[in-house]
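S.K.: Here is a sequence with its predicted model. Questions after.
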Amino acid sequence: MTKPTSVLVVRLSAIGDVIHALPVLDALRDQLPGARIGWLVEELSAPLLENHPALDRVYTIPRRRWRGKFRAMYRSEIRPFFRAVREEGWDASLDLQGITKGGLAAWACGARTRVGFAGPNSREVDFLFNNRRVRPEASDVHVTQQNLRLLEGLGLEVPRVPPRGRIGIRDAEREAIGASLNGAGWKGEPLLAVNPGAGFASKRWAPARFAELARLIAARSGLRPIVLWGPKEEPMRDEIVSLLARERAFAAPPTSVREMASLISLCKFFIGSDTGPSHLAGLFRVPVLTLFGGTDAQRNHPWTGGAADQLAIQRDDLACVPCWERTCPLKGDAHMACLAGLSPRDVYTRAEPWLATVLP
């Protein structure tokens, strides 16, 4: 099989999913050192790809502007956008999205060889748009391993030692966020990041429980808590800062995606759920403890390239886990039992042997 001279990666969203796809870039660049490599992505996650050393081209889809306006914007913007991508010429595409919008986008970009998933990883009618399909092996438990398996569709090898992945954060960006933290009251103390938010309800642990777990870890390590937050998460942020007043917790300043990444890279420990910032911590070798509810911890935990600097906690005694629902459909005592049944003390006890190996 002739190796391609240009490859377009298609992974449009979300932040955590794009992070789990980043190891594919390093594997591509390692095996195709002279190839042209691009990425098709939506605007929310596009900043993660800025300045990436393995990328030659990033195409950003303005999803917010196009959403719900396909007919109105097809001639003026959508068709010209994909025509411009096709005109740059791509030998092959890797559809890591695994649903219709990813396969359709890969097809619209005009690659002659379009590699996608076979089997359960190909959902909706994604399979119609790819002409070379790869089924992950049973040993490919984590989504990053499944993504790397698609390399076989290009005649490449799946790395025996999987890459961790990376993003191109500059020193100047770290210095800028450090100065911003100084303005928020940081005196250079080693930081314990607490991130209570998540994209949907079935991933969210109660803010008071995050605060109590952070208190236990801070007492053991001496780390100072910093509470990370995003849009509409101010109430959770303020509750945790208030509950951790004795630990001198403080709120992070408002951040962009890249500023958030730079901030996390400065931390010594991270607590969160199955959400983008937790996966960023895995990229930066920041020990990360994640609480899982409706998603699958084995498949979705922060990817650290096989290193022992992450621990995912999830109940394994409930038939409904994982459910993959955005909101819990159960009622009464069963409602959100996956997370409600995890107390801070239980989590700390389960994590204690691991904490002894990673805390400063």
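M.R.: Received the coordinates, thanks. Small disclaimer: the values here were computed from a predicted structure and weren't measured.
S.K.: so what's Pro4 closest to, chain neighbours aside?
M.R.: Asp91 (3.7 Å; C-beta to C-beta, 6 or more residues apart in numbering). C-beta: built from backbone N, CA, C; applies to glycine.
S.K.: Let's test this: mean pLDDT of stretch 105-114, rounded?
M.R.: Over the span of stretch 105-114, the pLDDT mean works out to 95.
S.K.: Tell me the spacing between Gln145 and Pro136.
M.R.: Counting by C-beta to C-beta, to the nearest Å, the separation of Gln145 from Pro136 is 7 Å.
S.K.: Which parts of the protein belong to which domain?
M.R.: 6-154, 171-358 (automatic domain parsing).
S.K.: Mean neighbour count and distance to Pro162 added to those domains, as TSV?
M.R.: Output for these, formatted as TSV (neighbours: other C-beta atoms under 10 Å; distance: least, C-beta to C-beta, whole Å):
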stretch	mean neighbour count	distance to Pro162
domain 6-154	19	6
domain 171-358	18	6
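S.K.: Compare those and give me the one nearest Gly165.
M.R.: When the domains of the chain are compared by C-beta to C-beta, domain 6-154 sits nearest Gly165, at 3.4 Å.
S.K.: Helix or strand, whichever it is, which one in the chain has the lowest mean pLDDT?
M.R.: With mean pLDDT, DSSP states H and E as the measure, the helix or strand of the chain carrying the lowest mean pLDDT is helix 70-73 (a mean of 86).
S.K.: following that one, which helix or strand comes up?
M.R.: helix 79-88 (DSSP states H and E).
S.K.: in its sheet, what does whichever helix or strand comes after that next one sit against?
M.R.: Next helix or strand after helix 79-88 toward the C-terminus (DSSP H and E): strand 92-95. Neighbouring strands of strand 92-95 in its sheet, by DSSP bridges, are strand 6-10 (parallel), strand 113-117 (parallel).
S.K.: and strand 92-95, what's its mean pLDDT?
M.R.: 97.
S.K.: ditto for stretch 138-151
M.R.: pLDDT averaged over stretch 138-151 gives 97.
S.K.: So what would you say the end-to-end distance of that stretch is?
M.R.: This stretch, stretch 138-151, spans 16 Å end to end (C-alpha to C-alpha, to the nearest Å).
S.K.: what's in contact with it?
M.R.: The contact list for stretch 138-151 (C-beta atoms under 8 Å, 6 or more residues apart in numbering) reads 17, 20-21, 23-24, 27-28, 31, 94-96, 115-117, 121, 134, 136-137, 157-159, 162, 165, 298-301, 303.
S.K.: Narrow those to those in strands?
M.R.: Among those, the members falling in strands (DSSP state E) are 94-95, 115-117, 134.
S.K.: Neighbouring strands - and their directions - for the longest strand belonging to the chain?
M.R.: Longest strand of the chain, by residue count under DSSP E: strand 36-42. Using DSSP bridges, strand 36-42 pairs in its sheet with strand 6-10 (parallel), strand 57-61 (parallel).
S.K.: and that strand with helix 79-88, angle?
M.R.: 170 degrees (axes from the mean of the first three to the mean of the last three C-alpha atoms, to 10 degrees).
S.K.: Output strand 36-42 as PDB, restricted to C-alpha atoms.
M.R.: The C-alpha coordinates for strand 36-42 follow below in PDB (Å, rounded to 0.1, in the frame of the first residue of the first chain):
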ATOM      1  CA  ARG A  36       1.400  17.500   4.600                       C
ATOM      2  CA  ILE A  37      -0.900  17.100   7.600                       C
ATOM      3  CA  GLY A  38      -4.100  19.100   8.200                       C
ATOM      4  CA  TRP A  39      -7.100  19.100  10.500                       C
ATOM      5  CA  LEU A  40     -10.700  20.000  10.000                       C
ATOM      6  CA  VAL A  41     -12.200  21.300  13.300                       C
ATOM      7  CA  GLU A  42     -15.000  23.400  14.600                       C
END
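S.K.: Show residues contacting that strand.
M.R.: 5-13, 18, 25, 28-29, 49, 54-61, 63, 85, 88, 90, 105-106, 109.
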